[in-house]
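Visitor: Could you look at this predicted model? Sequence included:
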2 protein chains.
Amino acid sequence: MADFSIGMLSKKTGCKVPTIRYYEQVGLLPEPYRTEGNQRRYQTKHLHILQFILHSRELGFTLDDIRELMTLSKSDEGNEHKADDIASRHLKAIELKITRLVALKTELSTMLKECEHGQADSCRVIDVLSDHMLCKGTH
Amino acid sequence: MADFSIGMLSKKTGCKVPTIRYYEQVGLLPEPYRTEGNQRRYQTKHLHILQFILHSRELGFTLDDIRELMTLSKSDEGNEHKADDIASRHLKAIELKITRLVALKTELSTMLKECEHGQADSCRVIDVLSDHMLCKGTH
DNA sequence: ATAAAATCTATAGCTACTAGAGGTTCAAGA
DNA sequence: TCTTGAACCTCTAGTAGCTATAGATTTTAT
């Protein structure tokens, strides 16, 4: 029931202390009250909000996205579609990233395999990087 | 044969002018000579080095990686394995990123699907984000 | 009462650029 | 040759999302 310090909030959430202060500074986490000695004291509501932020971050949402999602969740009905839009937009971005990374992975593995199969002193990593033409059609 | 301006180098490579100056500033691209009026004039060697940088960046190497790769390519033999190491390390990092992104993608799609199949006003995007327990086992 | 641990603010640093201000130089046409 | 406009110059500050440091204060435990 007792309110808790920033260190406790950090332990409960796994979020580093300076990061908590940073989220407050950029307006994501509401300012808690202070002790007479000016230290922050948090309540359950702060815990929930911080968890929301952290979970959204894990899912790759930007702080701006999160800001928007939070105002949506506070305001009246009819905003679900907006939250939906933000999430779908984000999903598309992630799919694109995956596609690109898989292509990179392929190119890198090819480069490394060529290296392995050559003679000991013919590793081509640097040569391949120097020469665009050696890329196997991924760009 | 003629040496060329920064704008020309930019056109030849697709790299923006301020970015070229930035690469010079951080020591990746050697300083070219200057005209009497203090403008940069590049030669073919700069073009090749910049292409090396850009290609490595496309493959997701950091500027520090690239710096290391470039010193390796300059120095004596026996360094191929180091270049190899950098590349394999990088490949592993990419594979990890892909795994994580695929998990994210799954979680996001699930979230969005739950939203679609519910009644019109029961979109759960915000609720799911608020509650860690609703994640389907991806963390 | 004291000492250690935790907290406070403020500032600077990180990556890899990008944008802007305010001034100079170059190249081409008249 | 002169002029004009595009391209160039340097320098500073801003972006995202923190992290690290310094130096001072407060809280907690003994």
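Guide: Arrived safely, thanks for sending. Nothing here was measured: the structure is a model prediction, and the numbers come from that model.
Visitor: so what does the helix or strand hosting A:Thr106 touch, helix or strand wise?
Guide: If you go by DSSP states H and E, A:Thr106 is part of helix A:80-117. Secondary-structure packing of helix A:80-117 (3 or more C-beta pairs under 8 Å, 6 or more residues apart in numbering or on different chains; DSSP states H and E): helix A:63-74, helix A:125-130, helix B:80-117, helix B:125-130. The way it works is simple: take the backbone N, C-alpha and C, and place the C-beta from them, glycine included.
Visitor: any idea how far the closest residue to A:Ile94 other than its chain neighbours lies from DNA strand C?
Guide: Distance criterion C-beta to C-beta, 6 or more residues apart in numbering or on different chains; nearest residue to A:Ile94, sequence neighbours excluded, is B:Lys105 at 5.2 Å. Separation of B:Lys105 from DNA strand C (C-beta to the nearest atom of the strand, to the nearest Å) stands at 24 Å.
Visitor: ok, now A:Gly60?
Guide: From A:Gly60 to DNA strand C the distance is 17 Å (C-beta to the nearest atom of the strand).
Visitor: how about that residue, secondary structure?
Guide: With DSSP: H, G, I helix; E, B strand; the rest coil as the basis, the three-state label of A:Gly60 is coil.
Visitor: picking up where we left off before, show me the contacts for the residue nearest to A:Ile94.
Guide: Applying C-beta atoms under 8 Å, 6 or more residues apart in numbering or on different chains to B:Lys105 gives the contacts A:Leu91, A:Ile94, A:Glu95, A:Ile98.
Visitor: how many neighbours does the third one have?
Guide: In this case it means A:Glu95. By the measure other C-beta atoms under 10 Å in any protein chain shown, the count of residues near A:Glu95 is 15.
Visitor: Got the confidence number for it?
Guide: Looking at A:Glu95, its pLDDT reads 83.
Visitor: Return the helix or strand in chain A with minimum mean pLDDT.
Guide: Every helix and strand in chain A was compared by mean pLDDT, DSSP states H and E; the lowest is helix A:125-130, with a mean of 66.
Visitor: Spell out which residues of chain A are next to DNA strand D.
Guide: Residues of chain A found near DNA strand D (C-beta under 7 Å from any atom of the strand) are A:5, A:16, A:18-19, A:22, A:35-39, A:57, A:62-64.
Visitor: Which of these are buried, as a PyMOL select command?
Guide: Listed next is the PyMOL selection for buried residues among the residues of chain A next to DNA strand D, using 16 or more other C-beta atoms under 10 Å in any protein chain shown:
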select buried, chain A and resi 19+57
